[in-house]
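Colleague: kindly generate the corresponding structure for this input.
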Amino acid sequence: MAEAYGWSGKNLRTQRILHSASGTTFLVPLDHSLADGPVSSAADFAGLVAAMAANDVDGIIVHKGRVRFLPTRRLGRLALVVHLSGSTRHAPDADAKTLVGAVAEAVALGADGVSVHINLGSSNEAEQLADFGGVSDQCARWGVPLLAMIYPRGPRIADPADPALLAHAANIAADLGADIVKLPFTGSPDTMRDVVRASPIPVVTAGGGVIGDTGKFLDQIDSTMESGVLGVAVGRNIFRAADPGRLARSVAQRVHARLGSRNPLTALDLALAGTTVA
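Modeller: Just a heads-up that it's a prediction; the model follows:
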């Protein structure tokens, strides 16, 4: 039954998303262009992606149409994750994400994984969860890893970094079939560690808003990795940097050095096999 639902395919593709030596992952989302506007000029986009590939980034996240503009000969081992959700900041409710792509399209594009975005507490949360469930089913059938980006946002959310709320978000992702969940950082390695321990699946943290002080930003990466997460997914702080490639290299060094006594690769393998980690 596991073979019929693509678990071997999921494991194979997952290896491409993880760093081969550490088992951790450093992803750079470049999907912001749909929601907020260009991440770079059209002429500079290929160079930005090539800089990520050359500086030990493990994968990028883009929308399906953007794949056409990737510098395929310069990608190396850079994994491709196709984002399937969208909204724009001009909408009446920018938190109301909707599906704009499908797993089959991502497979046809050569994707190593797909991602969906759910805003917990938004006005159309029910629709987002239903979409998530449908994508999860297709990922199982196609053997494609699923990254769930779950952010507590909406009129009923008092504290989007509340550890209890983030632990709930992580379990929503696991319950509906995600393989990895992307969450905001709580701001403390101790409280983030509690979130990681409560999650049946590996956690990556979002980079958040732009931090102008490079030292402070890298300190946050260190604090995040100390909590035992699988890795980080940092967009704005990388592509808005004066030298994105150089900063990406600094982040990669920190993410890939934080293996220690834990084994996130084993944890992810167990999660893909449907086994929780003690």
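
Colleague: contacts only, for the spatially closest residue to Ile180 that is not a sequence neighbour.
Modeller: Excluding the flanking residues, the one nearest Ile180 by CB to CB, 6 or more residues apart in numbering is Leu147, at 4.8 Å. Placement of C-beta: from N, CA and C, glycine included. Applying CB atoms under 8 Å, 6 or more residues apart in numbering, we find Leu147 in contact with Ile61, Val81, Gly113, Val114, Ser115, Val116, Ala178, Asp179, Ile180, Val181, Lys182, Val204.

Colleague: could you look up the SS state of the second one?
Modeller: Under the three-state scheme (DSSP: H, G, I helix; E, B strand; the rest coil), the conformation of Val81 reads as strand.

Colleague: Ala21: how many residues sit nearby?
Modeller: The local packing of Ala21 (other CB atoms under 10 Å) involves 9 other residues.

Colleague: separation between it and Val57?
Modeller: Per CB to CB, to the nearest Å, Ala21 is found 14 Å from Val57.

Colleague: likewise for Leu165?
Modeller: Applying CB to CB to Leu165 and Val57 gives a distance of 29 Å.

Colleague: higher neighbour count, those two?
Modeller: Neighbour totals were compared for Leu165 and Val57, and Val57 leads with 28 against 20 (other CB under 10 Å).

Colleague: which residues touch that one?
Modeller: Shown in contact with Val57 (CB under 8 Å, 6+ apart): Phe26, Leu27, Val28, Leu78, Ala248, Ala252.

Colleague: try 10 Å
Modeller: 19, 25-28, 49, 51, 76-79, 234, 238, 244-245, 248-249, 251-252, 255 (CB atoms under 10 Å, 6 or more residues apart in numbering).
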